[in-house]
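K.L.:
model this:
(chains A, B, C and D)
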Number of protein chains: 2
Amino acid sequence: MITANHPKTYMGYQALASAFRGKVEGGEWSIGGAIPSEASLAKEFGVAVGTTRQAIAQLAEEGMLVKRHGKSTEVSSGLNGQSMLRFFRYQLDDQRQLAPQAKVLSLKTVALDKEVAAATNWACKSLLKMHRVRMINHKPVLYETIYLPLPKFKKLSTFKPNDFEELLYPMYAKQFKVAVIKATDQVGFELMKKIEANALNMREGHPAVRVRRVAYDLTGKPVEYRSSVGDAMAFQYFAEVR
Amino acid sequence: MITANHPKTYMGYQALASAFRGKVEGGEWSIGGAIPSEASLAKEFGVAVGTTRQAIAQLAEEGMLVKRHGKSTEVSSGLNGQSMLRFFRYQLDDQRQLAPQAKVLSLKTVALDKEVAAATNWACKSLLKMHRVRMINHKPVLYETIYLPLPKFKKLSTFKPNDFEELLYPMYAKQFKVAVIKATDQVGFELMKKIEANALNMREGHPAVRVRRVAYDLTGKPVEYRSSVGDAMAFQYFAEVR
DNA sequence: GAGTGGTCTAGACCACATC
DNA sequence: ATGTGGTCTAGACCACTCA
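P.N.:
Down below sits the predicted model:
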């Protein structure tokens, strides 16, 4: 039955975790907001506090929830989006840490791309396609092509290049209530194409690295596809293997 | 106090975890072997079972212990060492999965290398340095330079190239009781040097990828430094960002 | 001080592996 | 059947945050 609540259903911590996932996906617990206390959830679902703790611990592990000792447990608002640029080893003028800049070059609506569809399994028929250059100390270092599914991100199609914030992931969170909590990177090597080379003040055919990234939201669904090109010689990628 | 045991010391799960770490590091719980049951540990340390469970859960998370439902909890015997080669995208003759081969080219004792020391913080004064080629379907794809600290791995210095097994990490476990449970990779691009090119049947100056890997044991100490070179055009690296 | 999450206890019962 | 780890309970008390 769809609408009725059985008076007493068995609730293991995994079933509880599923129920909590549902609250997040359904928007009942909104992104960045606090969820009810463990004690009140235990009462609501008719289980011991320890059981709600175990369910919450699992979701916290997955990155969906964030625990704050003494305060509350919140729905994650996601990664900050700086995670791409830290892979390039550009030295700065002095020791100071310079914030990267970003410039949107173009924005248009296109048909679903084959490569994108294969990586994301999106079923939409059109996409928002954005070209962007990222700079460190005003020097362009990364040429990005970013795809977003429509109609979810339709509001962006009316944006002018200057309307975009520096970091996209936090903007997705604020404007669309989409939190990016995981991404997969695929690093490969190729020769730089003319468009990319021009944008980066380099020669066509220069050794280039391409990072294809799929970003996932709280529910595990792909929300963004991003393909970034940079100078291979200036590139360093760090990863932990377990 | 250093030597005496107080009859009753407070044992939080973190202190317990430290005690368990000590048992592993001291060799009292040996690599690949089962540790005592949760109930007996609880009795031995004078805590509730739940507390030993929490301590064990933490060490399992770190990869030091592996839990086997219904059997026992074991000290990890580490990764299998295939983790490097999976990053290359060589297609095989047919659909079958071909096991990679490995050939040791040379083995010698050298002074502590600066690059190696910087990455590992090793304090030893000499190293074992090994050159190795890894092949897929009898085609060489990876030229590896492997460093191991002495005197820990002294026994290997008398080995002949054919004495080495295909996978090194399991060999470290068997022969030296060293389990590799974590590694960090640093991926960069460069031009292939003559020696590497010769070993891989490629031209000097061909675009190459270099993966510098530090492998860590159960206690978090670096146990191996490995620098691997391959064809950049055939390379794909996958990683998850969280 | 009130409310939240963090630690710990003691015990019951379940699920799995092995003999 | 026995022993192991996995789940769950009910409650005590601690540590942290904030009004």
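
K.L.:
going forward, measure contacts and count neighbours with C-alpha atoms only.
P.N.:
Will do.

K.L.:
give me the buried positions along stretch A:151-167.
P.N.:
Residues of stretch A:151-167 classed as buried: A:156, A:166 (neighbour count, 16 or more other C-alpha atoms under 10 Å in any protein chain shown).

K.L.:
can you tell me how far residue A:114 sits from chain B?
P.N.:
Per C-alpha to the nearest C-alpha, to the nearest Å, residue A:114 is found 20 Å from chain B.

K.L.:
measure how buried residue A:174 is and give me the count.
P.N.:
Per other C-alpha atoms under 10 Å in any protein chain shown, the neighbour tally for residue A:174 reads 14.

K.L.:
look up how far residue A:203 lies from residue A:135.
P.N.:
Distance, residue A:135 to residue A:203, using C-alpha to C-alpha, to the nearest Å: 18 Å.

K.L.:
could you do residue A:16 as well?
P.N.:
For residue A:16, the distance to residue A:203 - C-alpha to C-alpha - is 56 Å.

K.L.:
between these two, who's got more neighbours?
P.N.:
More neighbours surround residue A:16 than the other of residue A:16 and residue A:203, with 21 against 14 (other C-alpha under 10 Å).

K.L.:
does residue A:215 really touch residue A:222, like I thought?
P.N.:
Yes. Using C-alpha atoms under 8 Å, residue A:215 is in contact with residue A:222, at 5.6 Å.

K.L.:
can you read off the pLDDT for residue A:241?
P.N.:
Note on residue A:241: pLDDT of 88.

K.L.:
list the contacts of it.
P.N.:
Contacts for residue A:241 (C-alpha atoms under 8 Å, 6 or more residues apart in numbering or on different chains) come out as B:182-185.

K.L.:
one more pass at 6 Å, please.
P.N.:
Contacts here follow C-alpha atoms under 6 Å, 6 or more residues apart in numbering or on different chains; on that basis residue A:241 touches B:182-184.

K.L.:
can you narrow these to ones near chain A?
P.N.:
When C-alpha under 6 Å from any C-alpha of the partner chain is applied, the members of these adjacent to chain A are B:182-184.

K.L.:
how about the residues of chain A by DNA strand D?
P.N.:
With C-alpha under 7 Å from any atom of the strand as the criterion, chain A comes near DNA strand D at residues A:11-14, A:46-51, A:68-71.

K.L.:
and the residues you listed as JSON lines, adding pLDDT and neighbour count?
P.N.:
Shown next, in JSON lines, are the residues of chain A next to DNA strand D (pLDDT from 0 to 100; neighbours: other C-alpha atoms under 10 Å in any protein chain shown):
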{"residue": "A:11", "pLDDT": "85", "neighbour count": "15"}
{"residue": "A:12", "pLDDT": "93", "neighbour count": "14"}
{"residue": "A:13", "pLDDT": "97", "neighbour count": "19"}
{"residue": "A:14", "pLDDT": "97", "neighbour count": "16"}
{"residue": "A:46", "pLDDT": "96", "neighbour count": "15"}
{"residue": "A:47", "pLDDT": "97", "neighbour count": "17"}
{"residue": "A:48", "pLDDT": "97", "neighbour count": "13"}
{"residue": "A:49", "pLDDT": "98", "neighbour count": "16"}
{"residue": "A:50", "pLDDT": "98", "neighbour count": "13"}
{"residue": "A:51", "pLDDT": "98", "neighbour count": "20"}
{"residue": "A:68", "pLDDT": "98", "neighbour count": "10"}
{"residue": "A:69", "pLDDT": "98", "neighbour count": "7"}
{"residue": "A:70", "pLDDT": "97", "neighbour count": "6"}
{"residue": "A:71", "pLDDT": "97", "neighbour count": "9"}
